[in-house]
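[1] Output the structure for:
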Amino acid sequence: MDAHRLNRRDAMRAGGGLLGAVGAMSLVARTARAEPWTWSPNDSIVGSGGGADPLTLWDPEADPVVAKVMDDGNVPEVNRLLATWTHNTQPLPDGLPRELADFIEYARQLPSWTDQGKLASSFDFTRKRGLYLGVLYAFASGMMSTVIPHEALAVYYSRGGTHLKDRIAKTAKFGYDIGTVNAYGDGGEMVVTCVKTRIIHAAVRHLLPQSPHWPAGVTPITQDDLMVTWHSLATTIMRTLNSWQLRIPTAESEGYLHSWQLAGHLLGIRDEYIPASWDQADAQAAQVLDPILAPTAEGINLADQLLNLGANLDLTLLSRGILGAFTRFIMGDKVGNWLQIPREPVWSPLLEVAWGPFVAVREGVLAAAPAVDIPYWMFDEFLRQFAMWYVAELRMPLSIEIPLTNR
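    Numbers count the residues shown, from 1 in each chain. From the prediction side, this is the model:
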């Protein structure tokens, strides 16, 4: 085959050897930074820090604890016990390994800079704009993950690459839990979700280097990788809402940021890397997120799977064509072309013409009659819960579990 005609889809078909080589080259490229790390910890939520390049740091608090659990062969029993721990203030189940229980008790504590007033404002923000957030978590953040090379590679070669619907369900739980009332307080589940996710990341760091497809000497999910994913969620969503010209009250905007600042902390991101403001988030994203977006064979494969998630449910609104049209509309033609998503002849122009007026009318109604945000919220919440039940295939509540294998 002519090398110039070997596109990335052909690479996927050609077999694991070529795909693995492409992935390895992309991965190794992200172990060094093209430009020196310049973002200052003075711009973080705590206003100070050592300033080390986050590409060189991982999670020394979680990693040895989780590695010991896995090496001791305790994972099935630990998963069984952790499945019963679901709410923030709930005591841990008896029987967990002592080191793991001690780590979780430490990791579940909210930082001193937690602001309950801002968290209340965050829920006000979500209550009014839950529909937008659901769309953007799926078609901005979710699909962006497939063009973040390091993330796409880590997902593809870990267990999530062959159990993508399960992984998406657990990712959807993260987006759902952060938008609930009292997400970080009594009755909420966001603290549990974050800490369990932090444990999963430690497990992947332990498992992936054992994979024959993974480059020797490379440890996945650095602090930089965590911040890149954080920006693909929080920063990308706020950028998109601003591009739609939504008039978001300052308190609600700051509240939404604060909910994600707390999420970052609980996921194990060092406070010195968590931006203090949206301006600082944009500045950091310009260094760690924007320059690295690119297609990979693995990412294209994952995107293809994501677009097929609705295939086994006989609903037109979940067809591949509509999902692809939303992705291209929200992410833009460049990313759409990278992921080999064709422009839909009906849905693409319809979204381009109708989405702006739809948002304007919805925002106008909210501004003119604030009381309607309650029925809007009820409708949005129904859609969010339906999406959760669908991707989880009616397995509720979802249990975020330590993996036992790679791909």
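[2] What are the buried residues along stretch 83-103?
    W85, N88, L92, L96, P97, L100, A101, F103 (16 or more other CB atoms under 10 Å). Just so you know, the C-beta spots here come from the backbone N, C-alpha and C atoms, and that holds for glycine as well.
[3] name the element the last one belongs to?
    Here F103 sits within helix 98-107, counting by DSSP states H and E.
[4] Low-confidence stretches in the chain?
    Filtered on pLDDT under 70, the chain yields the residue ranges 1-31, 160-167, 169-170, 310-318, 365-398.
[5] Shouldn't L133 be within a helix?
    Yes - according to DSSP: H, G, I helix; E, B strand; the rest coil, L133 belongs to a helix.
[6] That one and A172 touch, don't they?
    No - at 11.8 Å, L133 and A172 do not qualify as touching, with contact defined as CB atoms under 8 Å.
[7] And the strands in the stretch 1-150 of the chain, which stretches?
    With DSSP state E, counting those that start in this stretch, there are no strands along the stretch 1-150 of the chain.
[8] Where do the helices of it begin and end?
    Listed in chain order, the helices found in the stretch 1-150 of the chain under DSSP state H, counting those that start in this stretch are 8-14, 16-29, 63-71, 75-82, 98-107, 116-136, 143-144, 149-157.
[9] what does the stretch 251-400 of the chain give?
    Under DSSP H, counting those that start in this stretch, the stretch 251-400 of the chain gives helices at 278-288, 297-307, 320-331, 333-338, 347-368, 373-391.
[10] Go through these and name the closest to A67.
    helix 297-307 (25.1 Å; CB to CB).
[11] Return that closest one as CSV; C-alpha atoms alone will do.
    The C-alpha trace of helix 297-307 is given here as CSV (Å, rounded to 0.1, in the frame of the first residue of the first chain):
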residue,chain,number,x,y,z
ALA,A,297,-5.7,6.1,15.4
GLU,A,298,-6.8,5.2,18.9
GLY,A,299,-8.8,8.4,19.4
ILE,A,300,-10.6,7.9,16.1
ASN,A,301,-11.5,4.4,17.1
LEU,A,302,-12.8,5.6,20.5
ALA,A,303,-14.9,8.4,18.8
ASP,A,304,-16.3,5.8,16.4
GLN,A,305,-17.4,3.8,19.4
LEU,A,306,-18.9,6.8,21.1
LEU,A,307,-21.0,7.7,18.1
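[12] Okay, buried residues for it please.
    So helix 297-307, judged by 16+ other CB under 10 Å, has buried residues A297, E298, G299, I300, N301, L302, A303, D304, Q305, L306, L307.
[13] still on that earlier bit, please name whichever of the helices of the stretch 1-150 of the chain is nearest to P345.
    Going by CB to CB, the one of those nearest P345 is helix 143-144, 20.6 Å.
[14] Can you name every helix or strand that the closest one contacts?
    Counting contacts by 3 or more CB pairs under 8 Å, 6 or more residues apart in numbering; DSSP states H and E, helix 143-144 is packed against helix 320-331.
[15] now the angle between helix 116-136 and the helix it packs on, please.
    For helix 320-331 against helix 116-136, the angle by axes from the mean of the first three to the mean of the last three CA atoms, to 10 degrees is 130 degrees.
[16] Mind giving me the packing neighbours of helix 320-331?
    Against helix 320-331 (3+ CB pairs under 8 Å, 6+ apart) you get helix 116-136, helix 143-144, helix 297-307, helix 333-338, helix 347-368.
[17] which residues touch the second one?
    Residues outside helix 143-144 that contact it (CB atoms under 8 Å, 6 or more residues apart in numbering) are S232, T236, L293, A303, L306, T327, I330, M331, V335, L339.
[18] Would you mind putting these into a markdown table with distance to C194 alongside?
    Formatted as a markdown table, the contacts of helix 143-144 follow (distance: CB to CB, whole Å):
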| residue | distance to C194 |
| --- | --- |
| S232 | 16 |
| T236 | 19 |
| L293 | 25 |
| A303 | 26 |
| L306 | 23 |
| T327 | 27 |
| I330 | 26 |
| M331 | 26 |
| V335 | 28 |
| L339 | 29 |
